[in-house]
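Student: Dropping the sequence and predicted coords here.
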2 protein chains.
Amino acid sequence: MSDIVTAGILVIGDEILSGRTKDKNIGFIAEYLTNIGIDLKEVRIVSDDEADIIAALDALRHRYSYVFTTGGIGPTHDDITADSVAKAFGVDIDHHPEVVARFRERWSEQDLNEARLRMARIPDGAELIQSATILAPGFKIGNVIVMAGVPSIMQAMMDIVSPKLKSGVRMLSESVRANAREGDIGSPLRAIAAAHPDTIIGSYPFMDEEQKPNTNLVVRSRDPEKLAAAMGAVKEMLAGLNITR
Amino acid sequence: MSDIVTAGILVIGDEILSGRTKDKNIGFIAEYLTNIGIDLKEVRIVSDDEADIIAALDALRHRYSYVFTTGGIGPTHDDITADSVAKAFGVDIDHHPEVVARFRERWSEQDLNEARLRMARIPDGAELIQSATILAPGFKIGNVIVMAGVPSIMQAMMDIVSPKLKSGVRMLSESVRANAREGDIGSPLRAIAAAHPDTIIGSYPFMDEEQKPNTNLVVRSRDPEKLAAAMGAVKEMLAGLNITR
């Protein structure tokens, strides 16, 4: 079994912490990473504060294979992600000639003001994440991938960067609807989980279409045989249930 | 100016990190806390892993006035929040007599199995968060508030616990639509932000109804006069803009 590749997400922005903007990036990246065989292990959301960004970034980048950041790469004073990342890595940051050249094609000299030029500030040694439709580029430095906060742009950046990432053996997953309340199956499910240590068994309650408490059971494993064995045990357990709902 | 009250959120659950379930609690709690004058400073999402939960909880509870956790208090083997919290606080955990008594009213002896009884496990010294409609109670221990992951139940728990929290001077907020691209206003906005240090000025790009890039500017402050002064400066700047969009 090959290496397991892990990741953290760092969401940067006061507007998420104040509740003004509801984050839509975490769920997208989480699903994306699962699909390409990278295990998301931790997410942090911090404010537009340099010390907070650097502390969180350092904690995550030393712990996981990759860190994906979103937010704070626009043209205004509260966009401090690129500078914070440069500080965390201890490298200089300056206007990237290739980005400035692109900007000059797009904007007149009058429009290419100091604020817009800030979006061309890229830490030394970083690799650009850009395309014809992306205005302010993202970048990858070391194991850190810096992306926009606007969901459509972030999603375009994920598509550009993902082929360059190493990925592990993909986590496989199968679900079954229990047609039982969580509390009815908790004890036998615990025994199954203990007997199948190379699988992860999750139990997720929901209200079904008849407004009855119901449960989805999800078995995950990198090994298809072990997944099948655990799912077999789960289904056998469910078939043997004698409950009235 | 009275004390500032701060908070962290700890979301617990493999299903969020795998992308299978999209979190709906962070945005709700963030907005709720803003409305009652508590500053949300940081959010972390961790897996159903005891060591990870304890490490994140300890980091947050020593740093902020309150920590709100969601998830992991159901009846199945992956619900380990209560036990992890007890370990973090170094206290014992056992079936809480009041919760068990409620469960006995609700379930027959046969239905009140080991799995369901797990939901009555409450760390010593914790205060219950419960109501007639809440099945598995949440609890408050020290500055940590432990809540359900299911949004409707979490929201009911917030309503129960919030009157017991100390709150600070509420952060006031005013927005204005710039009718300009972020890059057009970044430089003057930076000058305004620097001249109004007791305010927080945020700049949030969006696509408007004419599909043109537009920007919302948000000024926040605890002091209404300082907020008004900064917002006045922002509006004056916007009125003086000479841009074609």
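Tutor: Arrived safely.
Student: Now do the contacts for residue A:162.
Tutor: Taking CB atoms under 8 Å, 6 or more residues apart in numbering or on different chains, we find residue A:162 in contact with A:32, A:36. From N, CA and C alone the C-beta is placed, and that goes for glycine too.
Student: average pLDDT across the longest helix along chain A?
Tutor: Ranked by residue count under DSSP state H, the longest helix found in chain A is helix A:224-239. Per-residue pLDDT over helix A:224-239 has a mean of 97.
Student: Could I get the buried residue list for that helix?
Tutor: A:226, A:227, A:229, A:230, A:231, A:233, A:234, A:237, A:238 (16 or more other CB atoms under 10 Å in any protein chain shown).
Student: ok, now how distant is the closest residue to the first one other than its chain neighbours from chain B?
Tutor: When you say that, I think you mean residue A:226. Spatially, and ignoring its direct neighbours in sequence, residue A:226 is nearest to residue A:198 (4.8 Å; CB to CB, 6 or more residues apart in numbering or on different chains). Using CB to the nearest CB, to the nearest Å, one obtains 15 Å as the distance from residue A:198 to chain B.
Student: so who does residue A:198 touch?
Tutor: A:221, A:222, A:223, A:226 are the contacts of residue A:198 under CB under 8 Å, 6+ apart.
Student: out of the residues you listed, what pair is the most spread apart?
Tutor: Spatial extent of those (CB to CB) is set by the pair A:222 and A:226 at 8.3 Å.
Student: so what strands line up beside the helix or strand that contains residue A:67?
Tutor: If you go by DSSP states H and E, residue A:67 is part of strand A:66-70. Here strand A:66-70 is paired, per DSSP bridges, with strand A:5-12 (parallel), strand A:144-147 (parallel).
Student: Can you name the residues in contact with the first one?
Tutor: Right, the one you point to is strand A:5-12. Identification of contacts with strand A:5-12 by CB under 8 Å, 6+ apart yields A:23, A:25-26, A:29-30, A:33, A:37-48, A:53, A:56-57, A:60-61, A:63-72, A:81, A:149, A:165-168, B:43.
Student: Stretch A:46-56 too?
Tutor: Taking CB under 8 Å, 6+ apart as the rule, stretch A:46-56 contacts A:10-14, A:17, A:44, A:72, A:78-81, A:83-85, A:87-88, B:41-42, B:202.
Student: Buried among those residues? Make that a ChimeraX selection.
Tutor: Entered in ChimeraX, the line below selects the buried ones among the contacts of stretch A:46-56, by 16+ other CB under 10 Å:
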select /A:10,11,12,13,14,17,44,72,78,79,80,81,83,84,85,87,88 /B:41,42,202
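Student: Please flag which of the contacts of stretch A:46-56 sit within helices.
Tutor: Using DSSP H, the contacts of stretch A:46-56 in helices are A:14, A:17, A:81, A:83, A:84, A:85, A:87, A:88.
Student: mind putting these in JSON lines, pLDDT and distance to chain B included?
Tutor: What follows is those, written out as JSON lines (pLDDT from 0 to 100; distance: CB to the nearest CB, whole Å):
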{"residue": "A:14", "pLDDT": "94", "distance to chain B": "6"}
{"residue": "A:17", "pLDDT": "97", "distance to chain B": "5"}
{"residue": "A:81", "pLDDT": "98", "distance to chain B": "14"}
{"residue": "A:83", "pLDDT": "98", "distance to chain B": "13"}
{"residue": "A:84", "pLDDT": "98", "distance to chain B": "15"}
{"residue": "A:85", "pLDDT": "98", "distance to chain B": "18"}
{"residue": "A:87", "pLDDT": "98", "distance to chain B": "19"}
{"residue": "A:88", "pLDDT": "98", "distance to chain B": "17"}
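Student: and which of those residues is nearest to residue B:191?
Tutor: Using CB to CB, residue A:83 comes nearest to residue B:191 of the ones in helices among the contacts of stretch A:46-56, at 18.2 Å.
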